[in-house]
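Colleague: pasting the sequence and the predicted coordinates here, then a few questions.
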Amino acid sequence: MRSATGRLAAVDEANLVLDRFGQVNVFLIAGLLGPGGFVGRDGRPDLAALRAVLHGRITAIPPLRCVPVAAGRRHRWVEASPDVEQHIRLLEPVDGLHGLERKCGELMTVPLALDRPPWELLVVPGASAEQVGIVLRIHHAIADGVAAVAIAQQLFERDEPDAASAIPPDGPVPSSAPIVPIRPRADPSHVLKRISFGLRRILTILAGRGIGPTVLLGDRSPLRGVAFVDVDLEALEARVRPLGATVNDALLTAVAAGYAAALSASGEQLPSELPVSVPVALRRRGTSGNQVGVMLVRLPLGEPEPDARLRLIAARTQEEKGSAREQGTLEFMRGPLGARIMDRIGHRQHVVASVVTNVPGPASRLRLAGAPVVAIWPVTILAANVRLSVAAVSYAGSLRCGIHFDEVNVPGAVFAGAMEEEFARLAK
């Protein structure tokens, strides 16, 4: 893990560049807490007790003590003492789980203050009759999805101390992302292959037109929606493994069903394939909080049979995953200059329709200041001209997904319903 001071790594600086009005670059984790600890039996939270418990944990996590301060054209991390009253706050009550979803949508349009460490933990009463909601927001300059989940686990305590959990930010790549052997850098053929692959990716982003006109791409409205979708992880894995597929392949299959339903509901003719961007975990090394590659996966929308679609997707991810890990971070996201170029051309890109990300989470249940964590859901950003994105995290036997969408232009509820139905078929 990096220290709380020093120059931002180039890729973290790139994520700072992408944070702008209409494109709030944060990773959000929503959750439900049951009674216990700082949450009373009536569901009322004791904020003072929560702050007291977390104060020491926050000071022990360097990324949560960092403020990005301008230093010429770049930024440095400068250590600051977090004010728990600013970072841990109580929001107005919401109306049930749908109210928590709506609140998450609103928060994806609200920038984090950059004059203090850019993160916050919000307590949201009313998420259910006897449960309280929480929302943890962490700026992407601090952490990608894997690192954000690891930071969250350091804030929380494990319900079963001996159970396995997800990796810390400076640990090895999770088991769902095996390390691909890399040839020696001195091998000329390997160097040429990487250069050629990188140039193709750059040209594809600059000039690619793989997607026609669609409601999925375009200027976004200020109204954002969020929907949560869950599936039993053990049942899903038992069903798809014999078919040569992974849980991530099953997620992409369900996402494909969501797109097919949403496009049909919008009156669009279904394309045979729809390309999406899928982040790929890289080996944790160095000081950066963002260490992900990316692969382009073409989702087959024209294949109506779930198992056939699953097999097609599994074959494509197997082919793309190794190249994505070997190539590393997307070329335009390796520094602030590339990020500015990508941000500029992103409003007209027709290369990908969405981002679909899946982060390994804790296998055992967690508590927050003594309150049991009943459920968690991740929500990722809408970047460039993309109007819908999907994030998933495994938690205590379930795969939990957050769908983030432009509420005016995309039928997000239709997408979520179709995705849920596809998961139910796949997990039978």
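Modeller: It's in.
Colleague: off-centre distance for the helix or strand hosting residue 279?
Modeller: Secondary structure assigned from DSSP states H and E places residue 279 in strand 273-281. Using C-alpha atoms, centre = their mean, to the nearest Å, we find the averaged C-alpha position of strand 273-281 to lie 13 Å away from the chain's own average C-alpha position.
Colleague: please apply the same query to stretch 46-61.
Modeller: Its chain's average C-alpha position is 25 Å from that of stretch 46-61, according to C-alpha atoms, centre = their mean.
Colleague: show me what counts as buried in it.
Modeller: Applying a neighbour-count criterion of 16 or more other C-beta atoms under 10 Å, one finds 50, 51, 53, 54, 58, 61 buried in stretch 46-61. Every C-beta, even on glycine, is put in place using the N, C-alpha and C of the backbone.
Colleague: make JSON lines from these and add distance to residue 22 to it.
Modeller: What follows is these, written out as JSON lines (distance: C-beta to C-beta, whole Å):
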{"residue": "50", "distance to residue 22": "32"}
{"residue": "51", "distance to residue 22": "32"}
{"residue": "53", "distance to residue 22": "36"}
{"residue": "54", "distance to residue 22": "31"}
{"residue": "58", "distance to residue 22": "30"}
{"residue": "61", "distance to residue 22": "30"}
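Colleague: make a markdown table out of those residues and add pLDDT and distance to residue 150.
Modeller: Formatted as a markdown table, the entries for these read as follows, by pLDDT from 0 to 100; distance: C-beta to C-beta, whole Å:
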| residue | pLDDT | distance to residue 150 |
| --- | --- | --- |
| 50 | 97 | 20 |
| 51 | 97 | 22 |
| 53 | 96 | 19 |
| 54 | 96 | 16 |
| 58 | 95 | 15 |
| 61 | 93 | 10 |
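Colleague: shaky segments in the stretch 151-300 of the chain?
Modeller: In the prediction, the stretch 151-300 of the chain carries residues with pLDDT under 70 at positions 160-209, 282-292.
Colleague: returning to what we had before: other SSEs contacting the strand holding residue 279?
Modeller: With contacts taken as 3 or more C-beta pairs under 8 Å, 6 or more residues apart in numbering; DSSP states H and E, strand 273-281 sits against helix 247-265, strand 292-300, helix 306-327, strand 356-359.
Colleague: list every C-alpha atom in it, with coordinates, as PDB.
Modeller: This file holds the C-alpha atoms of strand 273-281, laid out as PDB (Å, rounded to 0.1, in the frame of the first residue of the first chain):
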ATOM      1  CA  GLU A 273     -23.400  -8.600 -31.200                       C
ATOM      2  CA  LEU A 274     -22.900  -5.800 -28.700                       C
ATOM      3  CA  PRO A 275     -19.300  -5.000 -27.600                       C
ATOM      4  CA  VAL A 276     -18.700  -4.100 -23.900                       C
ATOM      5  CA  SER A 277     -15.600  -3.200 -22.000                       C
ATOM      6  CA  VAL A 278     -14.700  -5.600 -19.200                       C
ATOM      7  CA  PRO A 279     -11.900  -4.600 -16.600                       C
ATOM      8  CA  VAL A 280      -9.400  -7.400 -15.900                       C
ATOM      9  CA  ALA A 281      -7.400  -7.500 -12.600                       C
END
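Colleague: quick revisit: which one of the buried residues of stretch 46-61 sits closest to residue 117?
Modeller: The shortest gap between residue 117 and any of the buried residues of stretch 46-61 belongs to residue 58, at 8.8 Å (C-beta to C-beta).
Colleague: so what's the closest one up against?
Modeller: Counting by C-beta atoms under 8 Å, 6 or more residues apart in numbering, residue 58 touches 64, 65, 82, 84, 87, 155.
Colleague: so can I have TSV of those showing secondary structure, neighbour count and distance to residue 18?
Modeller: What follows is the contacts of residue 58, written out as TSV (DSSP: H, G, I helix; E, B strand; the rest coil; neighbours: other C-beta atoms under 10 Å; distance: C-beta to C-beta, whole Å):
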residue	secondary structure	neighbour count	distance to residue 18
64	helix	24	21
65	helix	19	23
82	coil	21	24
84	helix	18	28
87	helix	19	23
155	helix	19	25
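Colleague: domains in the protein, by residue range?
Modeller: Structurally, the chain divides into domains by automatic domain parsing as follows: 6-158, 188-363+381-426.
Colleague: which one of those lies closest to residue 369?
Modeller: domain 6-158 (4.0 Å).
Colleague: how far does that closest one stretch from start to finish?
Modeller: Domain 6-158 has an end-to-end distance of 31 Å (C-alpha to C-alpha, to the nearest Å).
Colleague: also stretch 108-117?
Modeller: Stretch 108-117: ends 18 Å apart by C-alpha to C-alpha.
Colleague: identify the residues contacting that stretch?
Modeller: Against stretch 108-117 from outside (C-beta under 8 Å, 6+ apart): 19, 21-22, 24, 26, 28, 63-68, 80, 82-83, 86-87, 118-120, 137, 139, 222, 224, 226, 379, 381-382, 404.
Colleague: about what we covered before: lowest-confidence entry in the contacts of residue 58?
Modeller: Across these, the member with the lowest pLDDT is residue 82, scoring 89.
Colleague: state the distance from that residue to residue 53.
Modeller: Computed with C-beta to C-beta, to the nearest Å, the distance linking residue 82 and residue 53 is 14 Å.
Colleague: do the same with residue 319
Modeller: If you measure residue 319 against residue 53 using C-beta to C-beta, the figure is 47 Å.
Colleague: same thing with residue 74?
Modeller: Separation of residue 74 from residue 53 (C-beta to C-beta) stands at 36 Å.
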